[in-house]
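*Asks:* Got a sequence here, can you build the structure:
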Amino acid sequence: MKPPDPVSPPVVRLPSSLSLVLPAFNEEANIEVVVRDALATLPRFSDDFEIVVVDDGSRDRTAEVVSTLAKDDPRVRLQRHARNRGYGAALATGFRATRGDYVMFMDADRQFDIRDLRLLTPFAAEYDIVAGFRMERNDPLHRRVFAELFNVSVRILFGVHLRDIDCAFKLFRGDLLRGMELTAPGALINTEIQAKARRQGARLEQVGVHHYPRLAGEASGGSPRVIVRAMRETLVLWWRMRWYRPPKDRGRT
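*Replies:* Just a heads-up that it's a prediction; the model follows:
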């Protein structure tokens with residue numbers, strides 16, 4: 001994984017506890033590196049942190065690798081789905097299991113660097129959500145084109161204006177996230193979170209983060225089947241949001 005830029009801002013530590021959620025599906029080749037990097041890096045940001053890995057019904061040794069890491073370090077915890085339930089379901093399981101005052105999530109495919117958390121923490125005290133956006137997206141052209149079209153549709157349908165709605169590197173106020181009932185089973189969970197947070201008046205900041213080529217494993221997010229399912233789920237969420245009423249006590253105090 002590429003090191004951070006030679007000249008970087010001082011690290012701003014979080015004032016309280018942090019939970020990192022890592023959704024993982026068939027990430028045997030990546031998960032140990034990601035978890036060990038997190039264990040080495042997160043003490044720079046918080047004295048009290050945990051890493052929650054959600055194995056979403058992997059068919060490889062992902063869960064076995066994480067179980068071994070958890071035995072060696074109690075700050076690592078494993079949540080398991082008996083079958084593959086989807087990206088959104090994996091994140092929702094992870095969020096419910098967190099204990100931290102701040103919650104962040106990151107994909108477990110090594111396309112993000114946990115050290116880029118230094119770019120987000122300076123805004124944590126003022127904003128409810130600090131959302132990363134990929135400054136240079138290292139994905140195939142067809143995935144980048146679909147992502148831009150999807151971003152436009154989210155702006156139109158939900159009034160959510162994020163440069164990169166599906167960027168898997170975000171930091172949240174923990175109680176805000178755990179207070180949401182999240183139902184999107186796939187990648188649309190990012191849109192659901194932002195749409196509901198917007199209705200609740202959550203304050204948002206966007207920060208550019210690095211994005212790296214996948215080194216191992218295979219991505220499934222750009223397959224035609226996944227795209228068609230995402231389109232269907234988008235319309236379902238749009239309909240549900242017409243009747244959504246946010247909780248009255250979820251604002252920042």
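*Asks:* can you give me the helices in this structure?
*Replies:* Ranges of helices within the chain are 31-41, 62-72, 87-97, 141-158, 174-178, 189-199, 224-241, based on DSSP state H.
*Asks:* name the helices or strands packed onto the shortest one?
*Replies:* So the one you mean is helix 174-178. Using 3 or more CB pairs under 8 Å, 6 or more residues apart in numbering; DSSP states H and E, the elements in contact with helix 174-178 are helix 87-97, strand 102-106. Every C-beta, even on glycine, is put in place using the N, C-alpha and C of the backbone.
*Asks:* at 10 Å what do you get?
*Replies:* For helix 174-178, the packing partners by 3 or more CB pairs under 10 Å, 6 or more residues apart in numbering; DSSP states H and E come out as strand 18-24, helix 87-97, strand 102-106, strand 169-173, helix 189-199.
*Asks:* List the buried residues of stretch 165-179.
*Replies:* By neighbour count with 16 or more other CB atoms under 10 Å, stretch 165-179 contains the buried residues 165-174, 176-178.
*Asks:* try stretch 110-120
*Replies:* 110-120.
*Asks:* Looking at stretch 88-98 now, give me its mean pLDDT.
*Replies:* Across stretch 88-98, pLDDT averages out at 97.
*Asks:* Off-centre distance for it?
*Replies:* Averaging C-alpha positions (CA atoms, centre = their mean, to the nearest Å) puts stretch 88-98 10 Å from its chain's average.
*Asks:* CA atoms of that stretch as PDB?
*Replies:* In PDB, the C-alpha atoms belonging to stretch 88-98 read as follows (Å, rounded to 0.1, in the frame of the first residue of the first chain):
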ATOM      1  CA  GLY A  88     -25.400  -3.000   2.700                       C
ATOM      2  CA  ALA A  89     -26.400  -5.800   5.000                       C
ATOM      3  CA  ALA A  90     -22.800  -6.300   6.000                       C
ATOM      4  CA  LEU A  91     -22.400  -2.700   6.900                       C
ATOM      5  CA  ALA A  92     -25.600  -2.600   8.800                       C
ATOM      6  CA  THR A  93     -24.500  -5.600  10.900                       C
ATOM      7  CA  GLY A  94     -21.200  -3.900  11.500                       C
ATOM      8  CA  PHE A  95     -22.700  -0.600  12.600                       C
ATOM      9  CA  ARG A  96     -25.100  -2.300  15.000                       C
ATOM     10  CA  ALA A  97     -22.100  -4.100  16.600                       C
ATOM     11  CA  THR A  98     -20.000  -0.900  17.100                       C
END
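*Asks:* tell me which residues in it are buried?
*Replies:* 88-95, 97-98.
*Asks:* got it, and stretch 68-85?
*Replies:* Here stretch 68-85 shows 69-70, 75-79, 81, 85 as buried, counting by 16+ other CB under 10 Å.
*Asks:* for the helices and strands packed on helix 174-178, which one sits closest to residue 154?
*Replies:* Nearest of those to residue 154, taken as CB to CB: helix 189-199 at 5.3 Å.
*Asks:* now for that closest one, which elements pack on it?
*Replies:* With contacts taken as 3+ CB pairs under 10 Å, 6+ apart, helix 189-199 sits against helix 87-97, strand 102-106, strand 129-134, helix 141-158, strand 169-173, helix 174-178, strand 204-209, helix 224-241.
*Asks:* Mind checking these for the one nearest to residue 191?
*Replies:* The nearest among these, by CB to CB, is helix 141-158 at 5.3 Å.
*Asks:* just the angle between that closest one and helix 189-199, please?
*Replies:* 30 degrees (axes from the mean of the first three to the mean of the last three CA atoms, to 10 degrees).
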